[in-house]
Every structure is written in structure tokens, then in C-alpha cells.
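[1] A predicted structure for the sequence below; I have some questions about it.
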Amino acid sequence: MIIENLKLINFRNYDQLEIEFSPHLNFIIGENGSGKTNIIEAISILSGFRSFKNISDSDIVKWGCDSYYCKGEIIESDYKKFEVGFFKDKEISKKKVKIDGSEISKISEFYGRFLTVVFSPDDINIINGTPELRRRFFDSVISKIYPDYINDLNNFRHILNSRNTMLKNIANGQVNIKQIEVWDELFASKAMVLIKKRREFIEIFNKVFSKI
């Protein structure tokens, strides 16, 4: 799986950029602040839907613009073309993704189709940072290997947010405390699904990690 070319429009500091890559080793060189990392960031979005820096799409749009677009063409793969577009204004924001010209409605259908690994100085935070950062790292990896995992994760987050809202309403006396029991059951059920898949992956990961 090799990325053959990349096209960016209104992406970070680029009005428009088109790059043809070698099928072998590629070096991206330039002055500080010239946009080298932005190219890597665009590839990470095409691969994993969002930036490896874990920032919002609004911050990626070039200053003064209301949208960005990136496209990558791949060789030696079952899928040839990946596209991601994002639009924002004062009221709404919308993101669309396509594979080989067909719009993808579920993120789980996008993950794992174009696999990349980013090595960054910030990776040390996986070890030294908070447990949340480690969970985010493993969630990202697991989602690319097992696409259904992202659906489980999104369902869990939705239930968690709803449960937290319910707890606030109970504290304010707006809702009967017994209503939280339904959300507790859903919360526990979805959490167990994630825990089981995380444990299964960690067992595999630890064997590889210990050898390395």
C-alpha cells in the first residue's frame, strides 16, 4: 500500500498543493514553518479520518477560508482514491469522506482501508501522559484493525454523555433518581464490550511489544 500522490486545497498554510511521491523512500525538507508536518497531517486524515495531532478540523482550515479538501491516490491496494472534505460557517460544520468516488456514511467503513503509522516526538506522551491519552491511542489502533470497534466506541460515548446529563438533572432535582438505572445498565453493557476488545488487543500487543 503506497501513496502515489496528494492534493490539498485550503489546508493549513496551503492554498493549493499537489505532490507526486516516489514508491520508495521520500524525504520532505524545508524551512521551519514551511508546512512539512502539514503534509504528514493530511495523510493521517486520509488514513484515519482525523489529524494525528487530535485537533479540530476547524483549526486545519486555512486562515480566512471556510473549508478544506485533501485527496490521496494509492497503489498496491484494493482502494485507489481517498478524499476528505470539511466545511464550516458560523452555524454548522460538515465533513464528508469518499473512497473511490463513493461517499462513506459510516466511519467504520472508512477506518482500516488505508493504513499508516505516524512517528512523532509527541508519542512519548503515550508513556508519560495521562491514561486518557493511552486509551485514545489504543482506541485509534483497534478501530483500524477492527472497524466495528469505532461503532461500539461511539455508542458508548453517546450513552456516557446522556448518563452524565441525567446525573446533572437528578442533582438539580429535575429527574427521579430511579431513571438513572436504565442508563447504568446501558453504560455497563457497552463498557464491557470495549473492555473485552481492549483486553484482547492488549494481549496481542504485549507479546509484540515485549519482543521489540
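    Perfect, thanks for sending it. Residues are numbered from 1 along each chain as shown.
[2] Compute the distance between Arg198 and Phe187, please.
    With the distance defined as C-beta to C-beta, to the nearest Å, Arg198 ends up 16 Å from Phe187. Any C-beta I mention is one placed from the backbone N, CA and C, and that applies to glycine too.
[3] And the residue nearest the centre of the chain?
    Nearest to the mean C-alpha position of the chain, by C-alpha atoms, centre = their mean, lies Arg50 at 3.9 Å.
[4] who touches it in this structure?
    Ser44, Asp57 (C-beta atoms under 8 Å, 6 or more residues apart in numbering).
[5] let's see 10 Å
    Glu41, Ser44, Ser56, Asp57, Ile60, Val84, Lys95, Ile107, Ser140 (C-beta atoms under 10 Å, 6 or more residues apart in numbering).
[6] which SS class is it?
    At Arg50 the chain is in coil, as set by DSSP: H, G, I helix; E, B strand; the rest coil.
[7] ok, now Lys168?
    The assignment at Lys168 comes out as helix when based on three-state DSSP.
[8] got it, and His24?
    At His24 the chain is in coil, as set by three-state DSSP.
[9] For it, grab the count of nearby residues.
    6 (other C-beta atoms under 10 Å).
[10] thinking again about what came up before, what values do phi and psi take at the residue nearest to the centre of the chain?
    Main-chain torsions, Arg50, degrees, to the nearest 10: phi -140, psi 170.
[11] and it, how far is that from Asn125?
    Separation of Arg50 from Asn125 (C-beta to C-beta): 17 Å.
[12] and if you look at Val117?
    Val117 sits 16 Å away from Asn125, going by C-beta to C-beta.
[13] Surely Gly112 and Ile145 touch.
    Yes. Here Gly112 reaches Ile145: they are 6.5 Å apart, a contact under C-beta atoms under 10 Å.
[14] and the two? which has more neighbours close in?
    Of the pair Gly112 and Ile145, Gly112 is the one with more neighbours under other C-beta under 10 Å, namely 16 against 13.
[15] can you map out the strands along this protein?
    Counting by DSSP state E, the chain has strands at residues 2-11, 14-20, 67-75, 81-88, 93-99, 102-103.
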